[in-house]
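> sequence-free structure coming up:
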């Protein structure tokens, strides 16, 4: 005969008494009593079972958090960021220039540094977009690139020009045939919604023939320097231009203005 399963019918053998252990609430006192009854081996096992996993998790979290906190507190601060595009330069000479410029700016080159990043490429979509995002964010202060690559950024209006900013006043003293002029072309111009203003602005200077830049051993015939108009380090950027283009300044020289600030 088939058996009918009915949840409303309880087998006496399957019933759990209402006063059974599973219905009884336990408090810390119960655990303390159990713990007191244990011998030393049992107490050690109790500790491993109930407390050790939690202690391990807390310790790991503390170590990981401490590691990242230490890294954040000890990471050098970049005082001036220079992006060099489309160039294959000597890494040792780049490092040497970073430190020389850092010294000129009164930095200790440990906690405060100059960063010269040579990995950007104006023809690589990803790297070019990364550089543009750095410019937008005010992270990148100076861009140096061959004329073609530089013009692509300059026409977007990314750089200062000497008629409106003292930061690049030195451009006016640069040989005219080494100054780079170009118009600003925005999205409306590209879409044909607005005529291009043919006014050309002096957004950069060619520093390829400068002694300190030549020491980097670049192969490009031109190396145009411009200062980002979103830079938060305009004084440092102007000092970089001075150091790079003035052959009378040597490694180890310190700009008096920054020397006073660093004391």
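Sure, I can see it. As the structure is a computational prediction, the values presented were derived from the model and not from experiment.
> just the strands in this protein please.
77-85, 112-120, 142-145, 179-182, 201-206, 224-227 (DSSP state E).
> Of all those, which one is nearest residue 250?
Among the strands of the chain, strand 112-120 comes nearest to residue 250, with 16.5 Å by C-beta to C-beta. For the C-beta atoms, the positions are set from N, CA and C on the backbone; glycine is no exception.
> Columns mean pLDDT on top of the strands of the chain, output as a markdown table?
Formatted as a markdown table, those follow (pLDDT from 0 to 100):
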| stretch | mean pLDDT |
| --- | --- |
| strand 77-85 | 97 |
| strand 112-120 | 96 |
| strand 142-145 | 98 |
| strand 179-182 | 96 |
| strand 201-206 | 97 |
| strand 224-227 | 98 |
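> got TSV for the ones you listed, with mean neighbour count and distance to residue 171 too?
What follows is those, written out as TSV (neighbours: other C-beta atoms under 10 Å; distance: least, C-beta to C-beta, whole Å):
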stretch	mean neighbour count	distance to residue 171
strand 77-85	20	17
strand 112-120	18	21
strand 142-145	26	13
strand 179-182	18	6
strand 201-206	24	5
strand 224-227	26	9
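> Select, out of those strands, the one closest to residue 53.
strand 77-85 (39.8 Å).
> hmm, back to that, would TSV of the strands of the chain with distance to residue 151 be doable?
Formatted as TSV, the strands of the chain follow (distance: least, C-beta to C-beta, whole Å):
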stretch	distance to residue 151
strand 77-85	12
strand 112-120	15
strand 142-145	9
strand 179-182	5
strand 201-206	9
strand 224-227	8
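> Residue 163: which of those is closest?
strand 201-206 (7.5 Å).
> Residue 76 - nearest residue in space that isn't next to it in sequence?
residue 113 (4.7 Å; C-beta to C-beta, 6 or more residues apart in numbering).
> what's near enough to touch the one you found?
76, 77, 78, 79, 98, 102, 107 (C-beta atoms under 8 Å, 6 or more residues apart in numbering).
> sorry, back to before: residue 134 is nearest to which of the strands of the chain?
Nearest to residue 134, of those and by C-beta to C-beta, is strand 77-85 at 6.9 Å.
> what packs against the closest one?
helix 91-104, strand 112-120, helix 125-137, strand 142-145, helix 234-245 (3 or more C-beta pairs under 8 Å, 6 or more residues apart in numbering; DSSP states H and E).
> Verify the contact between residue 226 and residue 149 for me.
No. Judged on C-beta atoms under 8 Å, residue 226 makes no contact with residue 149 at a distance of 11.1 Å.
> show me where pLDDT drops low in this structure?
In the predicted model, the chain carries pLDDT under 70 at residues 1-52, 65-74, 189-190, 259-263.
> how about a cut-off of 80?
For the chain, the stretches with pLDDT under 80 are 1-53, 55-57, 59-74, 186-194, 196, 259-263.
> Residues in a beta bridge with the closest residue to residue 116 other than its chain neighbours, which ones?
Counting by C-beta to C-beta, 6+ apart, the nearest residue to residue 116 once its immediate chain neighbours are dropped is residue 82, at 4.5 Å. Beta bridges link residue 82 to residue 116, residue 142 when assigned by DSSP bridges.
> so what's residue 82 up against?
114, 115, 116, 117, 140, 141, 142, 143, 144, 240.
> that older thread, any idea which of the helices and strands packed on strand 77-85 is most buried?
Ranked by mean neighbour count, these are led by strand 142-145 with a mean of 26 (mean count of other C-beta atoms under 10 Å).
> now for it, which elements pack on it?
By 3+ C-beta pairs under 8 Å, 6+ apart, strand 142-145 packs against strand 77-85, helix 147-154, strand 224-227.
> closest one to residue 155 among the strands of the chain?
Here strand 179-182 is closest among the strands of the chain (C-beta to C-beta), at 5.4 Å.
> Alright, calling it a day.
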